[in-house]
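S.K.: Provided below for reference: sequence and predicted model.
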Amino acid sequence: MDKLIFKLFYPNDALGLFLVIFAAFLLGCAQITGKAAGQIPMETARNPEVYFCPRQDCSMVFENLIDSANSSVHCALYDINLKNVIRSLAKKSKIADVKVVIDSSNYREQIKGDGIRMDDDKQLMHNKFCVIDGEAVITGSFNPTSNDNYNNNNNVVVVYSNALAENYEDEFEELWDGKFGQGNNVRNPTVYINNIKFENYFCPEDKCESHIVNLIKNAQSSIYFMAFSFTNEEIADALIKREGLDIRGIFDSSQSSSKYSQFKRVQEFGINAKKDSNKYKMHHKVFIIDNETVATGSFNPTFSADAKNDENLLIIHDKKIANAFLNEFDSVWQ
């Protein structure tokens with residue numbers, strides 16, 4: 001047997017040596033390919049849902065999903081004051097694991113308890129997401145507040161995905177453990193759900209600015225954006241360099257006159273940008289690329305959002321979802 005093993009691994013002839021090396025090469029390739037393929041989750045689930053406030057009641061999306069929870073509701077919310085959502089969280093906490101992290105500047109006595117924690121005062125905990133039963137994620141620009149539900153322009157996206165839920169649970173656990181403005185890189189940066197490609201990142205650890213810049217650089221025909229606060233020069237530069245594309249942008253009027261706003265600058269370089277006309281706030285943080293890709297979440301194109309605050313970014317490569325956001329863009333534009 002020893003001679004046989006020696007013969008197989010140390011052949012005397014050149015052909016045998018070639019075959020062993022070639023087999024090892026194939027085995028190595030197979031292992032690398034399998035590992036790479038295994039890193040990208042492929043799931044079949046309910047289709048994602050998109051809602052726009054105030055023309056739709058976003059509070060009911062939160063309330064209904066919280067009410068549907070069987071085991072856990074974990075939320076990271078910059079602000080919350082909607083009574084129906086607070087009631088749902090309180091009721092569900094009696095039978096499930098309900099935990100909420102809130103930015104300290106928005107803490108109120110009405111939401112106190114063992115299941116509530118605040119961030120420190122060194123940055124904003126600016127996320128707006130909930131994870132339900134480790135299976136569904138609610139995210140977007142919407143805070144469950146009266147203003148965001150009834151007055152401000154906002155979006156809510158609901159995605160049913162174990163892999164995305166893992167990402168958001170990881171982020172939530174970091175926040176719950178007091179790790180603000182820092183953390184590990186996202187576990188599943190790319191996920192396919194019903195053959196729809198999703199990208200998911202958290203700031204500051206995943207460098208959200210760079211992903212928006214890459215979307216802009218790779219655009220082929222059009223870029224539309226809605227930004228509550230837009231002070232990031234790198235993202236503005238990327239837009240300015242894309243001459244020849246159809247670029248339109250909407251800035252919140254209350255923020256566009258700030259010292260660092262990029263509103264006048266992009267206008268001066270010929271970008272078709274305007275202020276919104278909502279007497280309250282245009283609170284979206286949205287980029288629509290080539291009518292088929294949407295970036296949304298809590299991430300405003302600002303330096304603080306990229307380098308300091310706790311934020312999340314979701315990029316969805318799907319024409320149907322992009323079309324829903326295009327309709328919202330057209331509505332706000334008009």
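M.R.: The structure has been received and is ready for your questions.

S.K.: which element, helix or strand, includes Thr296?
M.R.: Using DSSP states H and E, Thr296 maps to strand 293-297.

S.K.: now for the following helix or strand past that strand, which elements pack on it?
M.R.: Using DSSP H and E, the helix or strand that follows strand 293-297 towards the C-terminus is helix 303-307. Helices and strands touching helix 303-307, by 3 or more Cβ pairs under 8 Å, 6 or more residues apart in numbering; DSSP states H and E, are strand 196-203, helix 208-217. Placement of C-beta: from N, CA and C, glycine included.

S.K.: quick one: closest of these to Ile315.
M.R.: strand 196-203 (3.9 Å; Cβ to Cβ).

S.K.: what angle do the closest one and helix 208-217 make?
M.R.: With axes from the mean of the first three to the mean of the last three Cα atoms, to 10 degrees defining the directions, strand 196-203 sits at 140 degrees from helix 208-217.

S.K.: may I have strand 196-203 exported as PDB, CA atoms only?
M.R.: Taking Å, rounded to 0.1, in the frame of the first residue of the first chain, the C-alpha atoms of strand 196-203 are listed here in PDB:
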ATOM      1  CA  ILE A 196     -33.600  40.600  -8.000                       C
ATOM      2  CA  LYS A 197     -30.200  41.800  -7.000                       C
ATOM      3  CA  PHE A 198     -30.000  43.700  -3.700                       C
ATOM      4  CA  GLU A 199     -26.900  45.400  -2.300                       C
ATOM      5  CA  ASN A 200     -26.800  46.400   1.400                       C
ATOM      6  CA  TYR A 201     -24.300  48.600   3.300                       C
ATOM      7  CA  PHE A 202     -24.000  50.300   6.600                       C
ATOM      8  CA  CYS A 203     -22.100  53.500   7.300                       C
END
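
S.K.: residues in contact with that strand?
M.R.: Here strand 196-203 makes contact (Cβ atoms under 8 Å, 6 or more residues apart in numbering) with 48, 159, 161, 164, 167-168, 171, 183, 186, 188-192, 207-208, 211, 299, 305-307, 309-318, 321.

S.K.: pull up the pairing partners for it, direction included.
M.R.: Using DSSP bridges, the strands paired with strand 196-203 are strand 190-193 (antiparallel), strand 311-317 (antiparallel).

S.K.: the strands in the stretch 101-250 of the chain, which residues?
M.R.: For the stretch 101-250 of the chain, the strands defined by DSSP state E, counting those that start in this stretch cover 116-118, 128-132, 136-140, 154-160, 190-193, 196-203, 222-227, 246-251.
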